[in-house]
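Participant: Okay, sequence plus prediction incoming.
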Amino acid sequence: MTKTDQRTGDLRGLALTLRQLEVAKWTAVELRRVADDQGWEWCEGTGVPRLRTGSPFGEAWLSVVDSTLEDYVTTEEFVGLHFVIAEKGTRAQEEIQAFREAHEELRDVLGPSYLLGADDTDVSFHWDAPDWGAPYVRWRDLAGPNLIELRATVHGTVLTLRPKGPAEGWYCKTVEHSAGRVGGFVISVLASENVGLQLPGVTLHSEWRDYGAHLAKALRTRAAEVTALGLTQSQGLYTAIPGTGTGLAFSLSFGEQVEVGITTILEEDADLESMDLPSMGWVQAPEERRYEDDIVHLAPVQQYDEVNGVRLALMLLEVAEQAGLDSPEGLLAAEDLAWLPWVDHSFGPGRIKDYGFALRVTQ
């Protein structure tokens, strides 16, 4: 057996163990009983309790209810049991690949993932997120109170068992009360596992300055996050320019590369010739792209782990402003659908709540 085969077996075994644990109240008394039943040693120290489990992934640790979570708990004294399944890498590419491989392995044992996304890297649940992004995948227990979560953290890739209530309650209130400052995105599939899931609405921005900073953060991490999740994302943005009868459309594509283009798909396009697009960083698209995809200008293509989000945001918004758009509220997203390749198409596409792009969706 190779080391890779051994690691896969260890991860599957850990996932099955977490799924079978009978934890309901998340009190110290209950968790000590669970530890005893599993033959795990409960270790108290100066920090949070740790469990010597004998797992190849080392000690587990418990996260306690702190002041940020007090409003979202009932019986819970702890809100997560965590295992680092892949240590922090020396490069972002290593961490992204480790997360992606773990997600693929876990789908084989836990089933398809119907809830996934990425947090705002500045407002991630429990730990600081790595600089490249904050992706997560969740398997919700339909009949029980818990979920299993795979998450990228500053410690590496972490597999967690946690109660649903505190995590989901914290997220909704944090986003709703952020005045549009919290980014990230959530993809949810209309599956029974997601019954009872509540997601906050998207707050629109009215000022270019605030929206530019918000969009830059989303553009910087989006490609790395969707790559870690095993996805790509394509999004069209468009707007009607007030008082001109013309419009403006952009094409955004996120995967191992980031491509942003200006397209001519509308009946009446804004006067691009009057803008000095080269000075903003745009270049003319090759003839085949103009013919096949209606893309007339492109921003420089960037690798998923080296994206300059500030530059891309400035390029997009400067064109929109020069075209005559009054505020970012006039920008529209073409759709909010995401086809997940591991989900049976009978479920239909996943729906994206995109707090990073923070745009009204028109389909």
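Facilitator: Right, received. Where do you want to start?

Participant: pretty sure residue 234 is touching residue 259, no?
Facilitator: No: using CB atoms under 8 Å, residue 234 makes no contact with residue 259, being 9.2 Å away. (Glycine included, C-beta is placed from N, CA and C.)

Participant: tell me, what's touching these two both at once?
Facilitator: Common contact partners of residue 234 and residue 259 (CB atoms under 8 Å, 6 or more residues apart in numbering): 251, 252, 253.

Participant: hang on, the earlier thing: looking at residue 234 and residue 259, which one has more neighbours?
Facilitator: residue 259 (18 against 13; other CB atoms under 10 Å).

Participant: How about the contacts made by that one?
Facilitator: Counting by CB under 8 Å, 6+ apart, the residues that residue 259 touches are 251, 252, 253, 298, 299, 301.

Participant: Buried only: go through these for me.
Facilitator: 251, 252, 253, 298, 299 (16 or more other CB atoms under 10 Å).

Participant: how about those in TSV, adding pLDDT and secondary structure?
Facilitator: TSV is the format used below for the buried ones among the contacts of residue 259 (pLDDT from 0 to 100; DSSP: H, G, I helix; E, B strand; the rest coil):
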residue	pLDDT	secondary structure
251	96	strand
252	97	strand
253	97	strand
298	97	strand
299	97	coil
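
Participant: Redo these as CSV? Include distance to residue 60.
Facilitator: What follows is the buried ones among the contacts of residue 259, written out as CSV (distance: CB to CB, whole Å):
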residue, distance to residue 60
251, 45
252, 40
253, 39
298, 47
299, 44
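
Participant: So which of these is the closest to residue 13?
Facilitator: Using CB to CB, residue 253 is the member of the buried ones among the contacts of residue 259 that sits closest to residue 13, with 38.1 Å.

Participant: my guess is residue 31 meets residue 23, correct?
Facilitator: Yes: contact criterion CB under 8 Å: residue 31 and residue 23 qualify, at 6.8 Å.

Participant: Residue 338: neighbour count?
Facilitator: Residues within reach of residue 338, counting by other CB under 10 Å, total 23.

Participant: Tell me the spacing between it and residue 136.
Facilitator: 15 Å (CB to CB, to the nearest Å).

Participant: helix/strand/coil for the nearest residue to residue 72 once chain neighbours are set aside?
Facilitator: Once flanking residues are discounted, residue 72 sits nearest to residue 169: 3.7 Å by CB to CB, 6 or more residues apart in numbering. Classification of residue 169 by DSSP: H, G, I helix; E, B strand; the rest coil places it in helix.

Participant: Need the overlap of contacts for residue 31 and residue 23.
Facilitator: residue 81.

Participant: TSV for the contacts of residue 259, including distance to residue 157?
Facilitator: Below are the contacts of residue 259 laid out as TSV (distance: CB to CB, whole Å):
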residue	distance to residue 157
251	32
252	27
253	26
298	34
299	31
301	28
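
Participant: what packs against the lengthiest helix in the chain?
Facilitator: Using DSSP state H, we find that the single longest helix of the chain is helix 208-228. Counting contacts by 3 or more CB pairs under 8 Å, 6 or more residues apart in numbering; DSSP states H and E, helix 208-228 is packed against helix 92-110, strand 115-119, strand 246-254, strand 257-263, helix 309-323.

Participant: Quick check: what element follows that helix along the chain?
Facilitator: Remark: after helix 208-228, the chain's next helix or strand is strand 233-241, criterion DSSP states H and E.

Participant: Given that next one, what are its sheet partners and their directions?
Facilitator: Strand pairing for strand 233-241, determined by DSSP bridges: strand 246-254 (antiparallel), strand 332-333 (antiparallel).

Participant: average model confidence for that strand?
Facilitator: For strand 233-241, mean pLDDT rounds to 92.

Participant: excluding its backbone neighbours, what's nearest the spatially most central residue of the chain?
Facilitator: By CA atoms, centre = their mean, the chain has its centre lying nearest to residue 118, at 1.6 Å. Excluding the flanking residues, the one nearest residue 118 by CB to CB, 6+ apart is residue 225, at 4.1 Å.

Participant: Return the residues in contact with that neighbour.
Facilitator: So residue 225 contacts 118, 133, 134, 135 (CB under 8 Å, 6+ apart).

Participant: who wins for neighbours among these?
Facilitator: In these, the most neighbours by other CB under 10 Å go to residue 135, 30 neighbours.

Participant: Now that it has come up, it's in contact with residue 152, right?
Facilitator: Yes: Residue 135 lies in contact with residue 152 (CB under 8 Å); the separation is 5.3 Å.
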